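*Asks:* predicted model follows, preceded by the sequence.
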Amino acid sequence: MSIKSIAAKIFARKIYNQTKVWSNKPVETQLKVFKILIEKAKATEFGKDHHFDTIKTITDFQKNVPIRDYEDLKSYIEKVKLGKENILWKGKPIYFAKTSGTTSGAKYIPLTRESMPYHINAARNAILHYINETGNADFVDGKMIFLQGSPILTEKHGINFGRLSGIVAHFVPKYLQKNRMPSWETNCIEDWESKVDAIVDETIKEDMSVISGIPSWVQMYFERLQQKSGGKKIGDIFKNFNLFIYGGVNYEPYRAKFENMIGRKVDSIELFPASEGFFAYQDSQKEKGMLLLLNSGIFYEFIKADEFFEENPKSYTVGEVEIDVNYVLIISTNAGLWRYNIGDTVKFTTLFPHRVIVSGRIKHYISAFGEHVIANEVENAMKEATAGTKIVINEFTVAPQINPSKGLPYHEWLIEFENEPENILSFAEAIDDSMRKQNIYYDDLITGNVLQKVVITKVSKNGFQEYMKSQGKLGGQNKLPRLSNNRDIADNLK
């Protein structure tokens, strides 16, 4: 055992004990964060516009500040982008993270001196919790890779602009610099396919122990490695690779394919990062869900997803939430986002400590007939339908078909298979059965002959990658929506 791994275990125990203190006092921890946020933002333009000096309670805050999305906050953000100070937060941000918007094109999310450390420390602490629980620390001596966007930044009005993953690359601690891959030069390659090829060339002969990234793009990296190595299993190329760290999408639809490509099971750690904040990480290999980070400069509110589009829906705090209820996540942060709807929905798996899973996106659903199907449901259906079979899925998405050429409307599942089912109709039946068990509204529509059962359309090899490439969203932090309420993606794929 190396000195580095021994030190990692000692540090891991320290962080675990610190986490235990605040996670056992969720209400008190969040109230403390809330008071600090309000106090520090009183003198900002936003604080003055919303009378922060009169806010004494969370109820006051909810009365004074409406829930906003990016478009609603854009007028303030535009001022900040021009270099104006004390608009959303004291001073001005040190970075703007550029990210894709669903209705507004590119979004620019501020990162401040206060918020940036939490983005860095959260990923570190996730690994330390893994070390503390499992005792596995040998991987710290191997090479590590995070498939990310380019770290090249542009500067305007004293603020640096770039992708979040590229910004984070500037904060790699010195003790990891020698272990981290790829090289800075390779990381700066903008074209994703060229970048992956360069990463393969750099890493194929290295002792990779930790690999991290969005599963769909790590899968592409693995495929290129296998092509380069003549079809070797990833576990044979990297004999000490035993830890996969991921975020952005659910790993379960990819797990069977990954284990087949690797040649064995490896431990995994799930993260819940976004440009708007680092919200949660998997703190235990034994418990379902990710630990919600209640002491990270973010005040959380939760609105029940099935009430979200009502007028003045009730907001809940961490002391009021329930297990297994679908909530829209609302945040107020030390980067100057106030009662901001990030678009994600979550469900709590445990309370005390509070752990969540990401159940989907409030705008990514199918409700063409009032069924309100969410991502969590279609992913569970796929998991159940493939369990115990040799079926392997590369990627899939779901869309409604409202006007079929014949017969009743249906939900179309567009699937890229690695290993196809022997009977596609039986497979569709298994998916449909799972959906009906999970969603009573969908079941009613099938029973009432409003919809016919699931229809599967096969997507050709690499079809999803080609689609993402055609949209200028190949690689990096870009993610394919698991489902949508229109046929934009489905028709492009077909």
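*Replies:* Structure received.
*Asks:* drop to CA atoms for contacts and neighbour counts, all remaining ones
*Replies:* OK.
*Asks:* low-confidence ranges, the chain, go.
*Replies:* Within the chain, the segments meeting pLDDT under 70 span 100-105, 175-176.
*Asks:* okay, which residue of it is out on the far edge from center?
*Replies:* Distance from the C-alpha centroid of the chain, by CA atoms, centre = their mean, peaks at residue 406 (38.1 Å).
*Asks:* how close does that one get to residue 166?
*Replies:* 49 Å (CA to CA, to the nearest Å).
*Asks:* which strand or helix spans the residue farthest from the centre of the chain?
*Replies:* Assignment of secondary structure by DSSP states H and E places residue 406 within no helix or strand.
*Asks:* can you give the domain ranges for the chain?
*Replies:* 1-361, 363-490 (the TED database).
*Asks:* that older thread, how close does the residue farthest from the centre of the chain sit to residue 452?
*Replies:* 11 Å.
*Asks:* also residue 92?
*Replies:* Residue 92 is 54 Å from residue 452, where distance means CA to CA.
*Asks:* the more surrounded of these two?
*Replies:* Taking other CA atoms under 10 Å, residue 92 and residue 452 do not tie; residue 92 has more neighbours (23 against 16).
*Asks:* does that one belong to a helix, a strand or coil?
*Replies:* Following DSSP: H, G, I helix; E, B strand; the rest coil, residue 92 is assigned to coil.
*Asks:* pretty sure it sits against residue 113.
*Replies:* No: taking contacts as CA atoms under 8 Å, residue 92 lies outside contact range of residue 113: 9.1 Å.
*Asks:* leaving out chain neighbours, which residue sits closest to the spatially most central residue of the chain?
*Replies:* By CA atoms, centre = their mean, the chain has its centre lying nearest to residue 248, at 2.5 Å. Excluding the flanking residues, the one nearest residue 248 by CA to CA, 6 or more residues apart in numbering is residue 214, at 6.0 Å.
*Asks:* which strands or helices does the longest helix along the chain pack on?
*Replies:* If you go by DSSP state H, the chain has its longest helix at helix 3-23. For helix 3-23, the helices and strands in contact under the criterion 3 or more CA pairs under 8 Å, 6 or more residues apart in numbering; DSSP states H and E are helix 116-134.
*Asks:* quick one: contacts of the helix it packs on?
*Replies:* With CA atoms under 8 Å, 6 or more residues apart in numbering as the test, helix 116-134 has contacts from 8-9, 11-13, 15-16, 136-137, 168, 171, 269, 271, 273, 277-278, 280-285, 296-297.
*Asks:* narrow those to those in helices?
*Replies:* Checked against DSSP H, the contacts of helix 116-134 include these in helices: 8-9, 11-13, 15-16, 168.
*Asks:* write the ChimeraX selection for whichever of those residues are buried.
*Replies:* Only the buried entries of the ones in helices among the contacts of helix 116-134 go into this ChimeraX selection, using 16 or more other CA atoms under 10 Å:
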select :8,9,11,12,13,15,16,168
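*Asks:* any idea which of the ones in helices among the contacts of helix 116-134 is closest to residue 210?
*Replies:* The closest of the ones in helices among the contacts of helix 116-134 to residue 210 turns out to be residue 8 (CA to CA; 15.0 Å).
*Asks:* number of nearby residues for the residue lying closest to that closest one once chain neighbours are set aside?
*Replies:* Nearest non-adjacent residue to residue 8, counting by CA to CA, 6+ apart: residue 137, 6.9 Å away. Residue 137 has 21 neighbours, counted by other CA under 10 Å.
*Asks:* before we move on, what about the one 4 residues further on?
*Replies:* Neighbour count of residue 141, defined by other CA under 10 Å: 18.
*Asks:* residue 395 now?
*Replies:* Neighbour tally, residue 395, other CA under 10 Å: 21.
*Asks:* helix or strand: which one has it?
*Replies:* Going by DSSP H and E, residue 395 is in strand 392-401.
*Asks:* the stretch 301-450 of the chain: strands as residue ranges?
*Replies:* 327-333, 340-350, 355-361, 365-366, 373-374, 392-401, 410-419 (DSSP state E, counting those that start in this stretch).
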